[in-house]
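Undergrad: here is a sequence with its predicted model. Questions after.
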Amino acid sequence: MSTNTAAIPVIRPAVSPGDALHRRARTTVVVVLGLLVALGPFTTDLYLPAFPAVQASFRTSDVAIQLTLSATILGFALGQLVVGPLSDRFGRRVPLLAATTLHVLTCLGAAVAPNVGVLAALRLLQGVGAAGGGVVAAAMVRDLFHGHRLVRMLANMGLVSGLAPILAPLIGSQLLAVLDWRGLFVSLAIYGAAALSLAAFSLGETRRSDGGSADRRGTVRARYRAVLSDRVFVGAAVVGAMQGAGLFSYLAVSPFLLQDRYGLSPQQYGFVFAVNSVGVIVGAQSAARVMRRVGPQWILVATISAQLLSAVALVSTALYPAPLVAVIAPLCLFMTACGFAFPSVQVLGLIHHGEEAGTAASLLGVGNFGLAAIIPVLVGLLGSAAASSIGIVASVGGVCAATAMLLLIRPRTVPPIA
């Protein structure tokens, strides 16, 4: 595999299109993009506290319910493969609005699903629709901002990506106090419709339609080649996917682990989930400042180490009757590492691929969500209510991420951000 990064000079500060926006307009763009980014995690996680209720409603197994999560994640991965390249070719707005419309319609369908098979099919389509928000938002940020401004904006998006999985189960658990599980999908449809309206009226086209390199990379195949021939991008995608595997194993196991094994109510589960994940906020908020002095590749070295340490602690819970705190503490460490990792992976993956930002963002997402689609099945086989299942997945992922860091990214060869 060749490398595009060895000969890339230090990125120099430049006036970016986003700098020309008034502060209020820039804030509006960031908020709307944040809502679109959060649509994916909310689609995945809002109904996590309802897993036991959905299982009882359809009188099926917990593995079957976890498969609906796999279907959503798979749809998210497939949607990014389609929406990302389309947004590079035809502009950002139309693919974004079309995908979000699909999301709203399938949410309404899921609210009246007659059985778990139909629910899984609709969840697959929900994932496809939600993919538009995540991949196009990342591409729009790359269109609008450069240099350290890009780092700050991607850190903001990383904060949203980290906060949304925290808030979604918490909000879902509170909604379950007044709604049944079907009402959660109606709520999700309302959120999607609001995000769609704001995007339609607030976001202009950010994709430049000039000649030059855009024409040279005008085909889907050429854009994929430009991205996949960059070893640093591939390495960042692998690291992001491996850390995402640990995160999604937690999402799949935690409803049964905390509610069935430790006896928490849906509301208590949402609270513990939020407290346990506060490290994501700290990590994402700190990442942009740290990257002023430390390259994102070195941040990822630290996050991989934290992942492996927390994985060992979680695997060890299989050896003794672990109290709740013995599970929450290593998970909090891992979630903090994820908070630092989210923007670092985005920066390494997108900063050198402005002309094919949609394709690059889609591949980062596919690497993450494509692997995550099989995680619920895997943890179901390992033990759907066991903390050690999370530890096993996170440890394997950590070893793979460390290998990618050593062989592909090669931290000392990555040029700094000016």
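TA: Now that the structure is in, tell me what you want to look at. Numbers count the residues shown, from 1 in each chain.

Undergrad: all helices of the stretch 101-250 of the chain, in order?
TA: With helices called from DSSP state H, counting those that start in this stretch, the stretch 101-250 of the chain shows them at 116-144, 147-175, 181-202, 213-216, 220-228, 231-256.

Undergrad: quickly, which of the ones you listed bottoms out on average pLDDT?
TA: Among these, helix 213-216 has the lowest mean pLDDT, at a mean of 45.

Undergrad: where does pLDDT dip in the stretch 201-350 of the chain?
TA: By pLDDT under 70, the low-scoring segments of the stretch 201-350 of the chain are 209-218.

Undergrad: hang on, the earlier thing: can you put the helices of the stretch 101-250 of the chain in a markdown table and add mean neighbour count and distance to G40?
TA: C-beta coordinates here come from the backbone N, C-alpha and C atoms, glycine included. Rendered in a markdown table, the data for the helices of the stretch 101-250 of the chain read as follows (neighbours: other Cβ atoms under 10 Å; distance: least, Cβ to Cβ, whole Å):
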| stretch | mean neighbour count | distance to G40 |
| --- | --- | --- |
| helix 116-144 | 26 | 4 |
| helix 147-175 | 23 | 8 |
| helix 181-202 | 19 | 11 |
| helix 213-216 | 12 | 27 |
| helix 220-228 | 18 | 21 |
| helix 231-256 | 26 | 12 |
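
Undergrad: among these, which comes closest to L97?
TA: Of all those, helix 181-202 sits nearest to L97, with 6.0 Å by Cβ to Cβ.

Undergrad: how far out from the middle of the chain is that closest one?
TA: When distances are taken as Cα atoms, centre = their mean, to the nearest Å, helix 181-202 is centred 19 Å away from the chain's centroid.

Undergrad: check stretch 51-59 too.
TA: With Cα atoms, centre = their mean, you get 26 Å for stretch 51-59.

Undergrad: can you list contacts of that stretch?
TA: 47, 61-62, 64-66, 68, 115-116, 119, 176, 180-181, 255-256, 259-260 (Cβ atoms under 8 Å, 6 or more residues apart in numbering).

Undergrad: do stretch 180-195 as well
TA: 32, 35-36, 39, 42-43, 46-47, 50, 53-54, 57, 100, 103-104, 107-108, 110-112, 129-130, 133, 172, 175-176, 179.

Undergrad: any of the residues you listed buried? List them.
TA: Neighbour-count burial (16 or more other Cβ atoms under 10 Å) applied to these gives 32, 35-36, 39, 42-43, 46-47, 50, 53-54, 57, 100, 103-104, 107-108, 110-111, 129-130, 133, 172, 175-176.

Undergrad: closest to G339 out of the helices of the stretch 101-250 of the chain?
TA: From the helices of the stretch 101-250 of the chain, taking Cβ to Cβ, the stretch that ends up closest is helix 147-175, at 5.1 Å.

Undergrad: so which elements touch that closest one?
TA: Identification of packing neighbours for helix 147-175 by 3 or more Cβ pairs under 8 Å, 6 or more residues apart in numbering; DSSP states H and E yields helix 23-45, helix 116-144, helix 181-202, helix 231-256, helix 266-276, helix 278-290, helix 324-350.

Undergrad: nearest to M153, of those helices?
TA: helix 116-144 (4.9 Å).

Undergrad: show me what the closest one packs onto, helices and strands only.
TA: helix 23-45, helix 51-58, helix 62-90, helix 93-110, helix 147-175, helix 181-202, helix 324-350, helix 357-372.
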